[in-house]
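Undergrad: Mind looking at a prediction? Sequence and model below.
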Amino acid sequence: MSQDNTPPRDGSPRDQDKDGVPSAPKNPPPAAGGQPPAPGEQPPAVPLTPPSGLQPDPAPELDPDFVPDPGSQPDPAMPPTDGQTPSYAMPYPGQQPDPGQQPYPGQQPYPGQESPPEAHGDPVKRQRLVIGGIVVGVLVLIGVVIWVLLNLLGSRPEAAVPTPSATATPGPLPRDANSKDFQVGDCFADFDPNASEARAVACDTEHSAQLIGVHAYPGDDSFPGTNALRDKGREVCKAAVAKLNEAADNYVLLQQNVYPSTTSWDRGDRRVDCFIVVDSGNTIKEDLLQK
């Protein structure tokens, strides 16, 4: 009887197990070179190839709610065991640091490792410096303004005090003149120091007095007192007598001070006058002041 050595067709149920998976071949394929394995020698493993039309089982999906056992996780405070890699930058005792690894903020760099570049400036510090500069600038500006105002007030021109000139009162002579209009050099006939008016005449005619010095107080001054006015009159006469010419030696002259009373001061009289007079009437016939 002849023997059929033709292999069965793929997927034949005759050579499959109950699950439809082909059974392993009873006779292993010959080894490399076409020689069968020797007795007692294991045949080489042959990869299992699923039959056509069957796909391998997919990889099992991971459960997202799965939490590993904490007891099986490594302690981060303990040094890693063999096969574990530390997840932080701090080296263990005796471990050489990685030159390319950056230390934590505030951590000192490892020996031989360069410090990381620091941030350029502190924004809060810069803001404080800017505000401080503005405050100093404003204070300096205020100081400059105050200094300018003080200089302007300090250099205010003083009120001009009218000083009678040394020229005799112009106009036709003789004439009657008010005491407030007397000018240095005026000559007066029949002079009365208590009168508010006097008759001005030419100095080359007979007269009894000549005005040689005047001091005028500012209009806003308060009444200085009788004694102060008398002393001021003597001071004015002492300075004016030095200006007399040689013709004054021909006469016996007296000094006559005239200053305002309280009543005349309130009316605006601020003059202290110094006259040279003679007590023998109108005997002076020339101008006694230096030209």
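TA: Arrived safely.

Undergrad: Give the next helix or strand downstream of the top helix by length along the chain.
TA: Using DSSP state H to assign secondary structure, the helix with the most residues in the chain is helix 123-154. Following the chain from helix 123-154 toward its C-terminal end, the next helix or strand by DSSP states H and E is strand 175-178.

Undergrad: Helices along the protein, start to end?
TA: Secondary structure of the chain (DSSP H): helices located at 123-154, 226-241, 262-266.

Undergrad: Contacts for the shortest one next, please.
TA: Contacts of helix 262-266 with the rest of the structure, by C-beta atoms under 8 Å, 6 or more residues apart in numbering, involve residue 223. (C-beta placed from N, C-alpha, C; glycine too.)

Undergrad: Can you report how many residues lie near the nearest residue to residue 257 once chain neighbours are set aside?
TA: Sequence neighbours aside, residue 233 is the residue nearest to residue 257 in space, at 3.1 Å (criterion: C-beta to C-beta, 6 or more residues apart in numbering). The local packing count at residue 233 equals 21, with neighbours defined by other C-beta atoms under 10 Å.

Undergrad: now swap in the one 10 residues further on and tell me
TA: The number of residues packed near residue 243 is 14, by other C-beta under 10 Å.

Undergrad: likewise residue 138?
TA: Per other C-beta under 10 Å, the neighbour tally for residue 138 reads 10.

Undergrad: Likewise for the one 10 residues further on?
TA: Residue neighbour count, defined by other C-beta under 10 Å, stands at 10 for residue 148.

Undergrad: Over to residue 273?
TA: With neighbours defined by other C-beta under 10 Å, the count for residue 273 comes to 25.

Undergrad: ok, it touching residue 240?
TA: No. Because the distance of 9.8 Å does not satisfy C-beta atoms under 8 Å, residue 273 is recorded as not touching residue 240.

Undergrad: shared neighbours, these two?
TA: Counting by C-beta under 8 Å, 6+ apart, the residues touching both residue 273 and residue 240 are residue 213.

Undergrad: Now do the same contact list for the residue lying closest to residue 204 once chain neighbours are set aside.
TA: In space, and not counting its chain neighbours, residue 204 is closest to residue 286: 6.1 Å by C-beta to C-beta, 6+ apart. Taking C-beta under 8 Å, 6+ apart, we find residue 286 in contact with 203, 204, 247.

Undergrad: Check what pLDDT residue 21 gets.
TA: On the pLDDT scale, residue 21 is placed at 47.

Undergrad: State the pLDDT value of residue 195.
TA: The per-residue pLDDT of residue 195 was computed as 89.

Undergrad: so what's it up against?
TA: With C-beta under 8 Å, 6+ apart as the criterion, the residues that contact residue 195 are residue 179.

Undergrad: Quick check: which ranges of the stretch 151-291 of the chain have low pLDDT?
TA: By pLDDT under 70, the low-scoring segments of the stretch 151-291 of the chain are 154-171.

Undergrad: Try it again at 90.
TA: Regions of the stretch 151-291 of the chain meeting the criterion pLDDT under 90 cover residues 151-173, 179-180, 193-196, 279-281, 291.
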